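>>> Could you look at this predicted model? Sequence included:
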Amino acid sequence: MKTKLLLLTATLVFAITTKAQNRNQDSLQKESAKTELWEPVPKMVTPGTNVGEAPSDAIVIFYGKNVDQLQKENGGAVGWKIDDDGALTVVKGSGNVATKQKFGNCQLHIEWRQPSTIAGSSQTRGNSGIFFMGKYELQVLDSYNNPTYVNGQAGSIYKQHIPLVNASRKPGEWQTYDVIFTAPKFNADGSLQSPARITVLHNGILVQNNVEIKGNTEWIGQPKYTKVGDKEPIVLQDHGRDGGQPMSYRNIWIREL
Ligand code: MG
């Protein structure tokens, strides 16, 4: 009899506790719902099959077949050549190459390879560069065992920001840059409203973390801003006949942000 009573009491206590817990859970869920957002629903984007491949919403600039999306920086046919392996290789002295389409805020994926034949040193070993809006250079250089000024090595924002680490692969191996670029804004009178910013992953490793770009990248003198449009071409550098071997690009795609 005593055991039965105990059992009954225990069951009753359990039932009351469970009901209280459920009520408590309901009220927690109601509280939680106050900070849930259900829209806008992010659109579906299909990732590339393999890492580094263009997703479904990317603008493909170069994928080994043709240079239809590119032109010489100041207009005219691209002077660089497409190799049998689908690489776009600089023809030194033929001039910079620019995207026909203009871009402001964007995500860029680009792959590049330094020549396995080493020639030149410091800034003349595989020098190229990616100029956002034609003005702000993310340096491309063979920085594998190639000392140079550190604000001019691969992964630097030329003469403005030293990369956080040197993530370079050996000459002859393909390397990647994945970049988030925020365009500068200008007032109507041409003065700067807000500077450009850039985040760079070199071979998947963070080398620039949302740094502020100080103005047009300059070889000589301090950077300063000159007004550009909301969107401008992205330019790839031909460093000219500097004694180095020509380097190559492939798999270039952009997502507008
Ligand atoms: Mg350069």
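Done, it's in.
>>> Nearest to the ion: which residue in this structure?
Gly129 (3.2 Å; Cβ to the ion). Every C-beta, even on glycine, is put in place using the N, C-alpha and C of the backbone.
>>> Tell me who's in contact with Lys102.
229, 231-233 (Cβ atoms under 8 Å, 6 or more residues apart in numbering).
>>> Next one: it from Arg241, what distance?
For Lys102, the distance to Arg241 equals 29 Å [Cβ to Cβ, to the nearest Å].
>>> Tell me the helix or strand right after the lowest-mean-pLDDT helix or strand in the chain.
In the chain, no helix or strand scores lower on mean pLDDT, DSSP states H and E than helix 2-33, which sits at a mean of 79. Later in the chain than helix 2-33, the nearest helix or strand by DSSP states H and E is strand 59-62.
>>> which SS class is the residue positioned nearest the centre of the chain?
Geometric centre of the chain, nearest residue: Val179, 1.0 Å, by Cα atoms, centre = their mean. Three-state assignment for Val179 (DSSP: H, G, I helix; E, B strand; the rest coil): strand.
>>> pretty sure it is in contact with Val140, am I right?
No. Counting by Cβ atoms under 8 Å, Val179 stays clear of Val140, with 11.8 Å between them.
>>> any idea of the mean pLDDT in stretch 82-94?
Computed over stretch 82-94, the mean pLDDT rounds to 97.
>>> of the contacts of Lys102, buried ones?
By neighbour count, with 16 or more other Cβ atoms under 10 Å, these hold 232-233 as buried.
>>> and the gap between the residue nearest to the centre of the chain and Asn127?
Taken as Cβ to Cβ, the span from Val179 to Asn127 is 18 Å.
>>> Likewise for Thr17?
73 Å.
>>> In terms of neighbours, single out the busier of those two.
Neighbour totals were compared for Thr17 and Asn127, and Asn127 leads with 24 against 10 (other Cβ atoms under 10 Å).
>>> Backbone dihedrals for the nearest residue to that one once chain neighbours are set aside, both of them.
Leaving out its chain neighbours, the residue that sits closest to Asn127 by Cβ to Cβ, 6 or more residues apart in numbering is His239, at 3.9 Å. When quoted as degrees, to the nearest 10, the phi and psi of His239 stand at phi -80, psi 0.
>>> ditto for Arg125
Torsion angles, degrees, to the nearest 10, at Arg125: phi -100, psi 90.
>>> re earlier: how many neighbouring residues does the residue nearest to Asn127 have?
22.
>>> Pull the contacting residues for it.
90, 92, 124, 127-129.
>>> Which ones among those residues lie within helices?
Assigned to helices by DSSP state H, none of the contacts of His239 qualify.
>>> If you rank these by neighbours, which is first?
Val90 leads these on contacts (other Cβ under 10 Å) with 27 neighbours.
>>> what separates that residue from Phe131, distance-wise?
14 Å.
>>> likewise Asp68?
20 Å.
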